[in-house]
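**Student:** Kindly generate the corresponding structure for this input.
(2 chains)
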Amino acid sequence: MSVRRPTTFTGTDGSVTAVVDALSTMGFEGADAGPHSRSVLDTFDGRLHAAGLRLELHDDGGRALVLWSGDGSPPAHAVADVAPVWPADVPAGPLRQRIAEVTKERALLPLLEISSQRRVLRRLDRRGKAVASVEVHERLEVDGAIGAHVPAWAAEVHAVVGHEDVVELLGTRLAMLGLTPARGDLSSSLAELTGRPLGGRSSSPTVPMDAADDALASFRRVLLNLYETIEQNLPGTVDDTDPEFLHELRVAVRRTRSVLAEGRNVLPDDTRQHFREVFSEIGQVTGPPRDLDVYVLGWAEQVAGLSDADITALEAVREELERRRVAAKAELARSLRSATTAAAFEAWRSWLTDLDVVAEQPAPIGPVVAARIARAQRKVLRDGRAITPASHPERLHDLRKDAKKLRYLLECFGGLLPTKGRKAFVGQLKALQDNLGEHQDAEVQMAQLRTLAHDLRDAPGVDTDVLLAIGRLGEQLDRRRSSERAAFADRFAAYDTKPNRRALDDLLAPLAQR
Amino acid sequence: MKVVATYSIKGGVGKTSTAVNLAFEAARTGARVLVWDLDPQGAATYLFRVKPKVRGGSKRLVGADGELAAHIRGSDLSPVHVVPADFSLRHLDVHLERTKRPTERLARLLEPVERSYDLVLLDCPPSISLASESVFGAADHLLVPVVPATLASRTLAQLTTFLRDEQLPVGVLPLLSMVDQRRKLHRDLTEDLRRTWPQLLPTAIPSAAAVERMGEQRAPVGVFAPTSAATQRYRAAWGEVAAVLWPA
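**Tutor:** This next block holds a predicted model:
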């Protein structure tokens, strides 16, 4: 079972008349043109696109959602009361489930908006059923503008299952008019013509580079790429569109700090020190709202093992956390909107793009990165091996930071390393980081819970049941923390193996030799 | 993919109207729907304006080399596809009998389209036959229209007893159909039925002129009478069925 996706013919002049005439001679008929708009909806990072799905919102007086999948299955059409931002805005049922499974915690955003005057022409069989239809779009605008690459008209041809021969014939007829189909449906073809990507924005820190490239220029390219990620995620963080904007921004800030730290003897010292302080401050203001995001969004999971009575009693705690989260987000938005932050970002972009910043004594990036990664790995191994069951939890947190630094180097300068080997090694490192991350999250959440219990002690509506439930939640978090702690030795041993260590050495050897 | 059969041992209870209107309502909430018309009368085929032609007849449709995808046709409701019926389906039992495991045959034919559709509605002829048993083997639920009539309860009991005796793991969703609230007999019988069959879906489909006009309009009521009481009831009924199929 394979449903044919629509094909599109476009033109830059008045030749639409010839197309409509050709359609008319083939028995296509339809009503007058009316206003039409459609938006391609996806998450900021293009999760639907990556899953082979295309979600569009069509509006011609009534709204409809259309979901195409790349596997040849029929499109889903749903009546939409609102432009959906979250799966809950989509009618309940399989369509909502299909979207939610892919988008998860990310909001839907319009990535491409098309408007036109549209008329729909259909060819009917003798039972009055349409066997093919063509949407003729004129006065096209893409993202609110006509633009140089926007065609004067477009004809989107829709086949009907079981009657594909009709559109074959139509294609032949249009080819006789000198027209060739553009790639894909209307949205795809207009996205391609106008150079708008439908795949969402990538937050990948990896920049292509060669080991012989200059070290300063390479560091600046990595930092510029990270800064662009910060810029892209800034509006969504300030508006709190979805929690992933803050997360992505925060990760990019941490990576920036890490790369700046590793940039000694490569980046100018005064610039490096100044911007380490700038990004340290930004890191600090983004910390509390992100911690609260993790707490609130993972609440159902947190309380899953507790009794219904405890979960009900803890609702007061969840509400308080939500209030704190809203307040922290507002504070973060104020800080990120401030003139000081704007000036700091502008200065940073200006330095990163300043063509006059060149190394006095150029040096190749390969050996620099190889030495930095080898050093970071040595620190991970040394600190990890020193941890015993009696070690203070802070030592695990330190190791977590070591592992992050190593991971960031591997990812940000990943362009120097063979992709397959690098990803395999990062996979091993990630398994260790997951354990350390879970341990640290439980630690942070226990500390937050203690503070919260103290703050709520005398709050109205907070009775003994609430405080007892907080105690039981704390015990549950402590069990989780202990379980991750108990798993640490095995996780670290799985990382600290001879083959794994050799794998990294093999990755770095070609760089170090340059 | 969920498979629901509109089924009743009794004829003239609104099976096809239910299948066609629920297909429309399911589609407008975003389900990809396939209606398989198994009734040789081809009423669902007619209402969707699809040519009543099964290429190679029911022998080719369900035979050893049968392939469902080759018989699927689009309809004017773009997310609703139809496997049409024609008169050759009167021999469906005969051709099923000749296959290896006849009671599993329809389920096997649906397997290749499993990822293409969210909902398959099997519109069944009124009977208990080999074809019905194959339907029971393919369906997750039987949606059984029940008309407020003296024998309705007995017919429903016959069906549930049969399913229990044969240990067939198919759910039964009875739905009150063709209810005329102006008639005291209908009101009384509806009350009796609700007492006897608590699993009846809350919504009752009215006996309505709009439903009768489907034949003339050749479309679901939601297309030509979108604000009618019948449309509202079918919409509500679909919501109840969907909640069973895809619990939140």
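**Student:** What residues does chain B have near chain A?
**Tutor:** B:26-32, B:48-51, B:68-69, B:72-76, B:78-79, B:81, B:112-113, B:115-119, B:218, B:239, B:242-243, B:246, B:248 (CB under 8 Å from any CB of the partner chain). C-betas here are computed from N, CA, C, even on glycine.
**Student:** Narrow these to those that are buried.
**Tutor:** Among the residues of chain B next to chain A, those classed as buried by neighbour count (16 or more other CB atoms under 10 Å in any protein chain shown) are B:26-32, B:48-51, B:68, B:72-76, B:78-79, B:81, B:113, B:116-119, B:218, B:239, B:242, B:246.
**Student:** taking those one by one, which sit in helices?
**Tutor:** Using DSSP state H, B:26-28, B:239, B:242 are the members of those that sit in helices.
**Student:** need these in a markdown table with pLDDT, can you?
**Tutor:** Putting those into a markdown table (pLDDT from 0 to 100) gives the following:
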| residue | pLDDT |
| --- | --- |
| B:Ala26 | 97 |
| B:Ala27 | 96 |
| B:Arg28 | 95 |
| B:Gly239 | 95 |
| B:Ala242 | 95 |
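**Student:** B:Arg98 versus B:His91, what's the distance?
**Tutor:** Distance of B:His91 to B:Arg98, given as CB to CB, to the nearest Å: 10 Å.
**Student:** neighbour-wise, which of the two wins?
**Tutor:** Ranked by neighbour count (other CB atoms under 10 Å in any protein chain shown), B:His91 and B:Arg98 place B:His91 first, with 15 against 12.
**Student:** Leaving out sequence neighbours, find the closest residue to the more buried one.
**Tutor:** B:Ser58 (5.4 Å; CB to CB, 6 or more residues apart in numbering or on different chains).
**Student:** chain center to the helix or strand containing the one you found, what's the gap?
**Tutor:** Using DSSP states H and E, B:Ser58 maps to helix B:57-62. Relative to the chain's own centre, helix B:57-62 is displaced by 20 Å; criterion: CA atoms, centre = their mean, to the nearest Å.
**Student:** And stretch B:63-80, by the same measure?
**Tutor:** The answer for stretch B:63-80 is 16 Å, by CA atoms, centre = their mean.
**Student:** first vs last residue of that stretch, how far apart are they?
**Tutor:** The separation between the terminal residues of stretch B:63-80, taken as CA to CA, to the nearest Å, is 25 Å.
**Student:** Now it: average pLDDT?
**Tutor:** Throughout stretch B:63-80, pLDDT has a mean value of 87.
**Student:** Could you do stretch A:235-252 as well?
**Tutor:** 95.
**Student:** Not counting sequence-adjacent ones, nearest residue to the one residue in chain B that gets nearest to chain A?
**Tutor:** Distance from chain A to each residue of chain B (CB to the nearest CB) is smallest for B:Gly30, at 2.6 Å. Nearest in space to B:Gly30, with sequence neighbours left out and distances taken as CB to CB, 6+ apart, is A:Leu95 at 2.6 Å.
**Student:** remind me which residues of the stretch 201-350 of chain A are low pLDDT?
**Tutor:** By pLDDT under 70, the stretch 201-350 of chain A has no low-scoring segment.
**Student:** A:Val120 belongs to a strand?
**Tutor:** Yes: counting by DSSP: H, G, I helix; E, B strand; the rest coil, A:Val120 is part of a strand.
**Student:** just checking, it touches A:Asp32?
**Tutor:** No: between A:Val120 and A:Asp32 there is no contact, the gap being 10.3 Å when judged by CB atoms under 8 Å.
**Student:** which residues touch whichever residue of chain A sits closest to chain B?
**Tutor:** Here chain A gets closest to chain B at one residue, A:Leu95, 2.6 Å apart by CB to the nearest CB. A:Leu95 sits next to A:65, A:67, A:76, A:78, B:29-31, B:118 when contact means CB atoms under 8 Å, 6 or more residues apart in numbering or on different chains.
**Student:** pLDDT and distance to B:Asp140 for those - can I get that in CSV?
**Tutor:** Compiled in CSV, the contacts of A:Leu95 are given as follows (pLDDT from 0 to 100; distance: CB to CB, whole Å):
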residue, pLDDT, distance to B:Asp140
A:Leu65, 96, 25
A:Leu67, 96, 23
A:Ala76, 96, 19
A:Ala78, 95, 22
B:Thr29, 95, 18
B:Gly30, 95, 19
B:Ala31, 96, 14
B:Asp118, 96, 12
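**Student:** Extract the C-alpha set from the one helix or strand the residue of chain A closest to chain B maps to and format it as PDB.
**Tutor:** Element membership for A:Leu95, per DSSP H and E: helix A:94-103. This file holds the C-alpha atoms of helix A:94-103, laid out as PDB (Å, rounded to 0.1, in the frame of the first residue of the first chain):
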ATOM      1  CA  PRO A  94      -4.100   8.300  16.800                       C
ATOM      2  CA  LEU A  95      -3.000  11.500  15.200                       C
ATOM      3  CA  ARG A  96      -2.300  13.100  18.600                       C
ATOM      4  CA  GLN A  97      -0.400   9.900  19.600                       C
ATOM      5  CA  ARG A  98       1.700   9.900  16.500                       C
ATOM      6  CA  ILE A  99       2.700  13.500  16.900                       C
ATOM      7  CA  ALA A 100       3.300  13.200  20.700                       C
ATOM      8  CA  GLU A 101       5.500  10.200  20.300                       C
ATOM      9  CA  VAL A 102       7.900  12.200  18.200                       C
ATOM     10  CA  THR A 103       7.800  15.800  19.500                       C
END
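**Student:** tell me which residues in that helix are buried?
**Tutor:** Result for helix A:94-103 [16+ other CB under 10 Å]: buried residues A:94-99, A:102-103.
**Student:** In JSON lines: those, plus distance to B:Pro198 and pLDDT.
**Tutor:** Below are these laid out as JSON lines (distance: CB to CB, whole Å; pLDDT from 0 to 100):
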{"residue": "A:Pro94", "distance to B:Pro198": "28", "pLDDT": "93"}
{"residue": "A:Leu95", "distance to B:Pro198": "31", "pLDDT": "95"}
{"residue": "A:Arg96", "distance to B:Pro198": "29", "pLDDT": "95"}
{"residue": "A:Gln97", "distance to B:Pro198": "28", "pLDDT": "93"}
{"residue": "A:Arg98", "distance to B:Pro198": "33", "pLDDT": "95"}
{"residue": "A:Ile99", "distance to B:Pro198": "35", "pLDDT": "97"}
{"residue": "A:Val102", "distance to B:Pro198": "38", "pLDDT": "96"}
{"residue": "A:Thr103", "distance to B:Pro198": "38", "pLDDT": "96"}
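**Student:** Looking at these, which is nearest B:Ser17?
**Tutor:** The closest of the buried residues of helix A:94-103 to B:Ser17 turns out to be A:Pro94 (CB to CB; 23.2 Å).
**Student:** Nearest residue to that closest one in space, ignoring adjacent ones along the chain?
**Tutor:** B:Asp118 is the one closest to A:Pro94 (CB to CB, 6+ apart), at 3.8 Å.
**Student:** A:His58 belongs to a strand?
**Tutor:** Yes: assessed with three-state DSSP, A:His58 lies in a strand.
**Student:** tell me the contacts of it?
**Tutor:** Contacts of A:His58 by CB under 8 Å, 6+ apart are A:36-38, A:64-66.
**Student:** where exactly do the helices run in chain B?
**Tutor:** Going by DSSP H, chain B shows helices at B:15-28, B:43-47, B:57-62, B:92-97, B:105-110, B:130-138, B:152-165, B:184-196, B:209-212, B:214-217, B:221-224, B:229-245.
**Student:** how about the residues of the stretch 51-200 of chain A near chain B?
**Tutor:** Counting by CB under 8 Å from any CB, the stretch 51-200 of chain A sits next to chain B at A:65, A:67, A:71-79, A:90-97, A:125, A:127-130, A:158, A:160-163.
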